[in-house]
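S.K.: this is the structure alone, sequence omitted:
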């Protein structure tokens, strides 16, 4: 099966997400894992419809995540915070703050 444009891929992604939710609601982790695999396969097709390669798109996302995580760690360290001791809400707030910073700038904030 192939799609004609990125919107069809996104529709398939939504369908797979619904199937994952249904499997999880049944506590069927085997089916959920299978549907997650289908989701991953579907989403990996999206970049090609907008002129990008899947591998490079994923690589850039990983680089962005690593840079933001580094910024969040630097913010926490500058404030004397221990990530392992922070609440999920505190971690999310730190992450949102790190997202607003240019890469490598967290060590200069506050």
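M.R.: Received it, and whenever you're ready, just let me know what you need. This one's a predicted model, so the numbers in the text were calculated from it and none came from an experiment. Numbers count the residues shown, from 1 in each chain.
S.K.: for the closest residue to residue 24 other than its chain neighbours, give me its contacts.
M.R.: Once flanking residues are discounted, residue 24 sits nearest to residue 32: 5.2 Å by CB to CB, 6 or more residues apart in numbering. Backbone N, C-alpha and C define where each C-beta goes, glycine included. Residue 32 makes contact with 20, 23-24 under the criterion CB atoms under 8 Å, 6 or more residues apart in numbering.
S.K.: top helix in the protein by residue count?
M.R.: Determined from DSSP state H, the single longest helix within the chain is helix 54-78.
S.K.: show me what that helix is packed against.
M.R.: Packing contacts for helix 54-78, counted by 3 or more CB pairs under 8 Å, 6 or more residues apart in numbering; DSSP states H and E, involve helix 88-100.
S.K.: and residue 12, how far from residue 30?
M.R.: 21 Å (CB to CB, to the nearest Å).
S.K.: which stretches of the protein have low pLDDT?
M.R.: 1, 103-110 (pLDDT under 70).
S.K.: one more time with 90, if that's ok
M.R.: The chain contains residues with pLDDT under 90 at 1-2, 101-110.
S.K.: surely residue 12 and residue 44 touch.
M.R.: No. Counting by CB atoms under 8 Å, residue 12 stays clear of residue 44, with 11.3 Å between them.
S.K.: and these two? which has more neighbours close in?
M.R.: residue 12 (19 against 14; other CB atoms under 10 Å).
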